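Peer 1: here is my input, please return the structure:
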Amino acid sequence: MIHRRLSVAILAAMAAVSFGSADATGSKPATAASSQPMSWLAAGDSYSAGYGLPGSAGLIGADCHPAPSGSWPLLTRDRIAPNLPFEPFTYIACTGGKREDLFSNDENVALQWDGHSQYDLVTFSYGGNDAGFRNALIICAGGNLAGELTDLGQFDWLVDSVAGCPPDGALRSAIGQVGNTYPAFLRKIVDAGMVSPGGHVVVMGYPAIFEEPDKWNLTAKATGLCHTVNREGARRIRGWAGLLNARVGGAVQATNGYKGVGFTFVNVQDGAGNPAPNGIDPLRSPSLYEATGSADRHNLCGSDSWMFGTFRGNFHPNDAGHQAMSRVLAPIIEHLDWSRLNPATPPPVTSTPATAPPAASPPATSTPATSPPATTKTLTVYNQVTNGGTQIREDTPAYLATVTKNFCRRDGCMLSGTDVLTTGSTVVAECWANGDRTTNGQDNSAIDDSNPNLYQSTRWYRVRWPDGRWGYLSEVWITAAHRGGAGLPPC
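Peer 2: Sure thing, here's the model as predicted:
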């Protein structure tokens, strides 16, 4: 299948800093309305299929009926069409979809890729069903999910009497297995020829589903239940969703640039690690489920929920949720670097109609996927933590994380082999992004509140490791002279 491409001139005008990154200058993307459109495969699970929206499939089934309107893939396509048209747009996200359904189908879910068509953009959300999230939610809700099947299959867990949910460790182990195998899945997408050379794969994350119980609305607080799930169950589900996002996001970022293809993870929960198109702080976007500094909370039992509950949609985004996810995603896609897109020789397809030959390829670039951008900065590590009111001490060696989050040594998102950074070490940084708040002090004690060396920040530097891999390091672990951005652009 031959897919049309943007003209070389338009592609060059839309070049961004690096694979999968937003335009650091904050300029608007060049319009492509007069050029040939690109192609898009919108695959994924029920969160991509718009489960719960009018017209979506009610149960898992091989026919695979995504919502005919209102889902984030459709909304995003329409939102960016004036600047960046996509045609053909192939939408085959399926309720119950797993990663394997991109390449093969079983008795439950339809095949989502035909095995030969090549696309300039591939989007999806996968991971929840692979980790058994659906079955865990059925258990946590006491089986009270409208219209859902109750066969728990391979995830037939015992129920924790306190949370009314599967044991925390069981889900975390399943999520860990998903995270460990996700990089190979992403590489397979490229190796199989699904995405064009220089094209992009965008992976959507998941919301936390439930609000923090301490911030539930009055009705939920009074009953101690949020859509039949108790407080401990809600905390547990939030933790699972956060871990799944961290593991999938880490795999996506670690695969970015593989064989010239850009990979981008979109965090719709709190924006941590998201690109910053137009220079807007990604943590404060009003279209996030839980934006930094906002009193508006949009998970179940929050102040303004964007989720369906147990009686319709069963813990999936509602109309407002899909609208919000589209508002987060659209500028990110518009500001991806499309200048590297090269028309590839399509595989033979017997049913291909006669068409004009594809547009000429853009000039080849000699820059490999692992090359750092033109602007880099050598930073000095300062791996010191507070020790009482006035002193400091050397901490356990710091490391690079694949996401802008803390506790990656525990949660499996540490970039392996980088946990050797001590005070005086140097690293080469390319850009910076916002993420988790990090401190070198003790949040659970006031003993160091007056320590002159106490520091906290949400800024993370993207660092290139000597072997070409890259990860994030909080600026808390960088000397004071190199904090504040170090003259580097946003990632």
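
Peer 1: now for V122, how many residues are close by?
Peer 2: 27 (other CB atoms under 10 Å). For glycine as for every other residue, the C-beta is placed from the backbone atoms N, C-alpha and C.

Peer 1: who does it bridge with?
Peer 2: L41, V201 (DSSP bridges).

Peer 1: give the contact list for it.
Peer 2: W40, L41, A43, I189, M194, V195, G199, H200, V201, V202 (CB atoms under 8 Å, 6 or more residues apart in numbering).

Peer 1: wait, what's in contact with the fifth one?
Peer 2: Remark: with contacts taken as CB under 8 Å, 6+ apart, M194 is in contact with L41, L102, W113, S117, Q118, Y119, V122.

Peer 1: quick one: pLDDT of it?
Peer 2: Predicted confidence (pLDDT) for M194: 95.

Peer 1: from P213, how far off is it?
Peer 2: 41 Å (CB to CB, to the nearest Å).

Peer 1: how many residues are close by R469?
Peer 2: For R469, using other CB under 10 Å, the count is 16.

Peer 1: can you redo the contacts of M194 as TSV with secondary structure?
Peer 2: Output for the contacts of M194, formatted as TSV (DSSP: H, G, I helix; E, B strand; the rest coil):
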residue	secondary structure
L41	strand
L102	helix
W113	coil
S117	coil
Q118	coil
Y119	strand
V122	strand
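
Peer 1: what about the stretch 301-450 of the chain, any weak spots by pLDDT?
Peer 2: By pLDDT under 70, the weakly predicted segments of the stretch 301-450 of the chain are 311-313, 342-374.

Peer 1: TSV for the contacts of M194, including distance to G293 and pLDDT?
Peer 2: Below are the contacts of M194 laid out as TSV (distance: CB to CB, whole Å; pLDDT from 0 to 100):
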residue	distance to G293	pLDDT
L41	36	95
L102	38	89
W113	40	88
S117	43	89
Q118	42	93
Y119	37	95
V122	33	98
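
Peer 1: now restrict the residues you listed to buried residues only.
Peer 2: L41, L102, W113, S117, Q118, Y119, V122 (16 or more other CB atoms under 10 Å).

Peer 1: export these to TSV and tack on distance to V403?
Peer 2: As requested, the buried ones among the contacts of M194 are exported to TSV (distance: CB to CB, whole Å):
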residue	distance to V403
L41	25
L102	23
W113	27
S117	31
Q118	29
Y119	26
V122	21
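
Peer 1: returning to that earlier point: and the contacts of M194, which two are the farthest apart?
Peer 2: Within those, L102 and Q118 form the most distant pair, 13.6 Å apart (CB to CB).

Peer 1: most neighbours among the contacts of V122, which one?
Peer 2: L41 (29 neighbours).

Peer 1: give me phi/psi at A433?
Peer 2: phi -140, psi 160 (degrees, to the nearest 10).

Peer 1: how about it, nearest residue that isn't a chain neighbour?
Peer 2: C491 (4.4 Å; CB to CB, 6 or more residues apart in numbering).

Peer 1: check the gap between that neighbour and G179 for me.
Peer 2: According to CB to CB, C491 and G179 sit 22 Å apart.

Peer 1: residues contacting S294?
Peer 2: R284, P286, L288.

Peer 1: and if we set it to 7 Å?
Peer 2: By CB atoms under 7 Å, 6 or more residues apart in numbering, the contact set of S294 is P286.

Peer 1: how close does it get to D281?
Peer 2: For S294, the distance to D281 - CB to CB - is 12 Å.

Peer 1: can you check Y455 too?
Peer 2: Distance from Y455 to D281, by CB to CB: 20 Å.

Peer 1: then G484?
Peer 2: Where D281 is concerned, G484 sits at a distance of 15 Å (CB to CB).

Peer 1: ok, the two, which is more surrounded?
Peer 2: Between G484 and D281, counted using other CB under 10 Å, the more crowded position is D281 (15 against 12).

Peer 1: what's the more buried one sitting at in phi/psi?
Peer 2: Torsion angles, degrees, to the nearest 10, at D281: phi -60, psi 120.

Peer 1: and it, how close does it get to N434?
Peer 2: 6 Å.

Peer 1: next one, pLDDT for the residue lying closest to T390 once chain neighbours are set aside please.
Peer 2: Excluding the flanking residues, the one nearest T390 by CB to CB, 6+ apart is N451, at 6.1 Å. Note for N451: predicted pLDDT of 90.

Peer 1: can you check V248 too?
Peer 2: Per the predicted model, pLDDT is 96 at V248.

Peer 1: now the one 5 residues further on
Peer 2: Q253 carries a pLDDT score of 92 in this model.

Peer 1: look up phi and psi at it.
Peer 2: Q253 adopts backbone torsions of phi -70, psi -40, taken as degrees, to the nearest 10.

Peer 1: return the residues in contact with it.
Peer 2: By CB under 7 Å, 6+ apart, the residues touching Q253 are F265, T402, V403.

Peer 1: what about 10 Å?
Peer 2: Taking CB atoms under 10 Å, 6 or more residues apart in numbering as the contact definition, Q253 lies against 20, 203, 263-265, 273, 401-404, 413, 415, 462, 470-472.
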